[in-house]
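Chemist: Need the 3D shape of this:
(2 chains)
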Amino acid sequence: MSKVLIIGEHDGKTLNLATLKCVTCARGIADAEITIALLGADTAGVATQAAAIHGVHKVLRVDRPENEHALAAVFAPQIVALAADYTHVFGPSTSFGKDLTPRIAALLGVPQVSDLMAVEGAHRFRRPIYAGNAIITVEADPARKLVATVRVASFEAAGSGGSAGIETRVLDVSLPTHTRYLGAKSGSTDRPDLQTASKVVSGGRALGSAENFQLLFSLADKLGAAVGASRAAVDAGYAANEMQVGQTGKIISPEVYFAIGISGAIQHLTGIKDARTIVAINKDGEAPIFEVADVGLVGDLFQIVPELEKLV
Amino acid sequence: MKKIMVCIKRVVDYNVRVRVKPDGSGVMLDGVKMSVNPFDEIALEEALRIKERGTNAEVVAVSIGVGDTQQQLRTALAMGADRAILVQTDQAVEPLVAAQTFLALVKKENPDLVLLGKQAIDDDANQTGQMLAAIWDRPQATYASKVELAEGRATVTREVDAGLETIEIDLPAVVTVDLRLNEPRYVKLPDIMKAKKKPLDVISLDSLGVGAGVLLKTVKTDPPAQRQKGILVKDVPELVDVLKKKGLI
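Modeler: Numbering: from 1, shown residues only, chains lettered A, B, ... in the order given. Okay, the predicted model is just below:
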């Protein structure tokens, strides 16, 4: 039987949706017994949330002051200690998970499957390479532990209704002091989170300036959407780094994605191809974005976007 | 800061659209243009800027791969690296093996800082830097968008999903770099000529005592699922109509 340890991502108050998607992924392994590990300064609240996820067997809390901020060098040895009882260790393919899980895999001396997008067996998975231009099927040695990050855009969030037991663990693990958290600056916004939003309005270089991006913010607010950007728009300084969607930015799967003034480079398309519906607005009818769009409108975004905002 | 090691990977050029072989045995790489992984180029640029800021650190570019990887290391030397080391092997190198190989080089070279890209654009694994830091038992700072050095430590601003995070790490350490840390310089012709005279050592993977073995077996390579081609609408009212019918707005 497979025993899967999922590293829960949270901010101390709320369990990240990515964790629920990891649960769905883990349930794809036959007979998997699923445990969520929560490391933090005080995980009581998020543990309650994790225990209520459908399909979760157990929640492990590891509370200590050093765990207040998710530092990979501090978290990794603790997860390694917990992993002794498990066959699989999963984390989300978010900046939190991608930073942490390779450190765990290396300490365990095992390989990692990054961006797991489909489960074909307890040790057989599919994952994208070359910015999603190819999908490989990989097989790992069943005799070893398997560490993976779960490509969250590939899975639905698990539902609620579970009632897992919550255990508190005290680990006898000495933690390094060579890495210290100093602070964070979030792109303060009241809008939905780009990674988990059901609607996303995204802009490209054709917006022409940071000021013009206001057009998109305004439309997004009317729609209740998050705002994203292409790499070209971020490189040009029109949008903040954390708004970047694509191979090297965020991989998202909203219900509807508005690509506005985005030509559709392959590196961008890899970040949106799991969107349920893609709407493309671009003045160049030959732009590659129209190859993947479900609905396309060729025209001047500076006329279309304000009109769209009025009509929705 | 006496020495910076920069890890470089030879990858299919950013502009090449990679295609899957019809028999599913891999991707077509014959005759395809190869380059330095763009993130590793940013890592090298950062090392050169640290050197030029007056630290005068020695910059050592290292890579693992086939003999032709010397081309990418010559590019690194032309950009300004002082010397280069190629660990030559014809086998595919998985991230854990790459990390073990770089660790063997770290033990020989004793760098104060190891810089590399956050991911390679071929396997998109995003693992090697973290794995090296783990088995070296040293700090890691991934996805760096700013690196400030002080005596024996570095302050690194990291690009995370929510925005930016700043951490302080003791040196030596591993820093993996993100897109917007800097813009790499262009190589000038005289630099290419000069690079030909810079030392480039070639050693074998076996000589480092690192076993290459296959850890993850790739059994099949498929092209990605294609999206159905959609419809074009003529104006905004029609667009709104379609979106309403789909229940999206």
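
Chemist: Report the residue ranges of every domain in chain A.
Modeler: A:3-168, A:199-311 (automatic domain parsing).

Chemist: can you give me how far the strand or helix carrying A:A233 is from the chain middle?
Modeler: According to DSSP states H and E, A:A233 maps onto helix A:231-235. In terms of CA atoms, centre = their mean, to the nearest Å, the centre of helix A:231-235 is found 20 Å from the chain centre.

Chemist: Extract the C-alpha set from it and format it as CSV.
Modeler: Output in CSV follows, covering the C-alpha atoms of helix A:231-235 (Å, rounded to 0.1, in the frame of the first residue of the first chain):
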residue,chain,number,x,y,z
ARG,A,231,6.7,37.9,-19.8
ALA,A,232,7.0,40.6,-22.4
ALA,A,233,4.8,42.9,-20.4
VAL,A,234,6.6,42.2,-17.2
ASP,A,235,10.0,42.7,-18.9
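
Chemist: Restrict the helix or strand following that helix to CA atoms and write it as CSV.
Modeler: Once the chain leaves helix A:231-235, the next helix or strand it forms, by DSSP H and E, is strand A:256-260. In CSV, the C-alpha atoms belonging to strand A:256-260 read as follows (Å, rounded to 0.1, in the frame of the first residue of the first chain):
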residue,chain,number,x,y,z
VAL,A,256,-11.8,31.6,-18.3
TYR,A,257,-8.6,33.4,-19.3
PHE,A,258,-8.7,36.7,-21.2
ALA,A,259,-5.5,37.1,-23.2
ILE,A,260,-5.4,40.7,-24.2
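
Chemist: Pull out the buried residues from the helix or strand following strand A:256-260.
Modeler: Moving toward the C-terminus from strand A:256-260, the next helix or strand (DSSP H and E) is helix A:266-269. For helix A:266-269, the buried set under the neighbour-count rule, 16 or more other CB atoms under 10 Å in any protein chain shown, comprises A:I266, A:Q267, A:H268, A:L269. In this view, the C-beta of every residue, glycine as well, is placed from N, C-alpha and C.

Chemist: Now the residue nearest to the last one when sequence neighbours are not counted. Its backbone dihedrals?
Modeler: Of all residues not flanking A:L269 in the chain, A:V292 sits nearest, at 5.8 Å (CB to CB, 6 or more residues apart in numbering or on different chains). For A:V292, the backbone dihedrals (degrees, to the nearest 10) come out as phi -110, psi -10.

Chemist: quick one: contacts for A:G109?
Modeler: B:L96 (CB atoms under 8 Å, 6 or more residues apart in numbering or on different chains).

Chemist: Would you check that B:A195 makes contact with B:R83?
Modeler: No - using CB atoms under 8 Å, B:A195 makes no contact with B:R83, being 10.4 Å away.

Chemist: residue ranges of the helices in chain A, please?
Modeler: Read by DSSP state H, chain A holds these helices, from start to end of the chain: A:17-27, A:44-51, A:72-83, A:95-108, A:213-223, A:231-235, A:266-269, A:289-292, A:301-311.

Chemist: And the residue of the stretch 201-312 of chain A closest to chain B?
Modeler: A:D294 (3.8 Å; CB to the nearest CB).

Chemist: ok, that residue - how many residues close by?
Modeler: For A:D294, the neighbour count with other CB atoms under 10 Å in any protein chain shown is 20.

Chemist: what does A:Y130 give?
Modeler: 25.

Chemist: quick one: it and B:D124 touch, right?
Modeler: Yes - with contacts counted by CB under 8 Å, A:Y130 reaches B:D124, the gap being 7.3 Å.

Chemist: that's a helix at B:I203, yeah?
Modeler: No - note on B:I203: no helix contains this position according to DSSP: H, G, I helix; E, B strand; the rest coil, which reports strand.

Chemist: That one contacts B:T89, correct?
Modeler: No - judged on CB under 8 Å, B:I203 makes no contact with B:T89 at a distance of 10.2 Å.

Chemist: Quick check: the gap between the most centrally placed residue in chain B and B:I42.
Modeler: Most central in chain B under CA atoms, centre = their mean is B:G117, positioned 3.3 Å from the mean C-alpha point. The gap separating B:G117 from B:I42 is 7 Å, by CB to CB, to the nearest Å.
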